[in-house]
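> What follows is a predicted structure for the sequence shown.
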Amino acid sequence: MDTLKAQMRAMQERTDTDFVRYLHGKIDWSQQLVAIVGVRGVGKTTMLLQHILMYYSPDDTLFVYADNIYFTMHTIFDMAVAFYQNGGRHLYIDEIHKYPGWSREIKNIYDTLPGLQVVYTGSSILDLEKGGADLSRRRLQYYMHGLSLREYIQMKHNIQIPVHTLSDLLAQKITFPYSQLQPLPVWKEYVRTGYYPFFAKGHYLQLLDNVVLQTLENDIPIFHSQARSIHCPALAVFFAFRRLSD
């Protein structure tokens, strides 16, 4: 447990809160069980670490990766029980789909430790509703999209633009910082390299290739192995077609 806490502190030291994704303000963080899904690279992990930094104490909060080597010798349920017995109240689990049988253990945590809040993230490639135990009546689930043009402008140019409705746009009741930016050039820039927050690191296309490879080589195989025990007609068609094409 001390090792897990030390790893969390190390990740927090590399996390800043200058820019926080749109979804953060939409999540009901008071719920006992919250799920956040989305494709790789859109900022789910960073948002969890930011939320912990902004609102919680490390004394009663723990962030872990579901594929941490710690779980080769321990279960998530046993870890949650030990954490709770030692004063833990907020448990954040990243990439939950990498842990076999995850939904059954999350359900057990929810049912037996009502004083422990659990927030987990997962890949959108998984059908998290059918992970082995029905969590649909227990948790709130949110989907995180990539950056909007508004978020891209805030992150890249440090200019905040209000959220506008479609009605506002059609009625031309919008504000845009024309004195600082021209819409068409910044739109073209956004379309080329603005959907994923990691554009700020540079080497956008190379990092995007890494996301695609990780999805193909890790997420889909994990999904395949878990899908064998899940009745899903769409998956059956997909894997049957893949076998025919091999």
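Ah, there it is. Numbers count the residues shown, from 1 in each chain.
> most remote residue from the protein's center?
Farthest-out residue of the chain from its mean C-alpha position, per CA atoms, centre = their mean: Ser179, at 35.4 Å.
> Just the element for that one, please.
Assessed by DSSP states H and E, Ser179 sits outside every helix and strand.
> List the residues that contact it.
Listed by CB atoms under 8 Å, 6 or more residues apart in numbering, Ser179 has no contact partners. In short, each C-beta sits where N, CA and C put it, glycine included.
> swap in Tyr22?
Ser148, Glu151.
> which one is the residue nearest the centre of the chain nearest to, not counting chain neighbours?
For the chain, Lys44 is the residue whose C-alpha lies nearest the centre (CA atoms, centre = their mean; 3.0 Å). In space, Lys44 comes closest to Thr121 once its chain neighbours are excluded; the distance is 4.3 Å by CB to CB, 6 or more residues apart in numbering.
> so that neighbour sits in a strand?
Yes: the assignment for Thr121, made by DSSP: H, G, I helix; E, B strand; the rest coil, places it in a strand.
> show me what contacts it?
Counting by CB under 8 Å, 6+ apart, Thr121 makes contact with Ala35, Ile36, Val37, Gly38, Lys44, Thr45, Leu48, Ile93, Asp94, Glu95, Ile96.
> one more time with 10 Å
By CB atoms under 10 Å, 6 or more residues apart in numbering, the contact set of Thr121 is 34-38, 44-45, 47-48, 65-66, 92-97, 142, 144.
> Same question for Leu113.
Taking CB under 10 Å, 6+ apart, we find Leu113 in contact with Gln32, Phe77, Ala80, Val81, Phe83, Tyr84, Gln85, Gly88, Arg89, Leu91.
> Now with 8 Å, please.
Ala80, Val81, Tyr84.
> Among those, which one sits closest to Pro162?
The closest of the contacts of Leu113 to Pro162 turns out to be Ala80 (CB to CB; 40.4 Å).
> Convert the strand or helix carrying that closest one to CSV, retaining C-alpha atoms only.
When elements are assigned from DSSP H and E, Ala80 belongs to helix 76-85. Taking Å, rounded to 0.1, in the frame of the first residue of the first chain, the C-alpha atoms of helix 76-85 are listed here in CSV:
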residue,chain,number,x,y,z
ILE,A,76,-8.4,-5.0,-6.3
PHE,A,77,-11.1,-6.0,-3.7
ASP,A,78,-8.5,-6.9,-1.1
MET,A,79,-6.6,-3.7,-1.8
ALA,A,80,-9.8,-1.7,-1.4
VAL,A,81,-10.6,-3.4,1.9
ALA,A,82,-7.1,-2.7,3.3
PHE,A,83,-7.2,0.9,2.1
TYR,A,84,-10.7,1.5,3.6
GLN,A,85,-9.7,-0.1,7.0
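> Okay then, goodbye and thanks.
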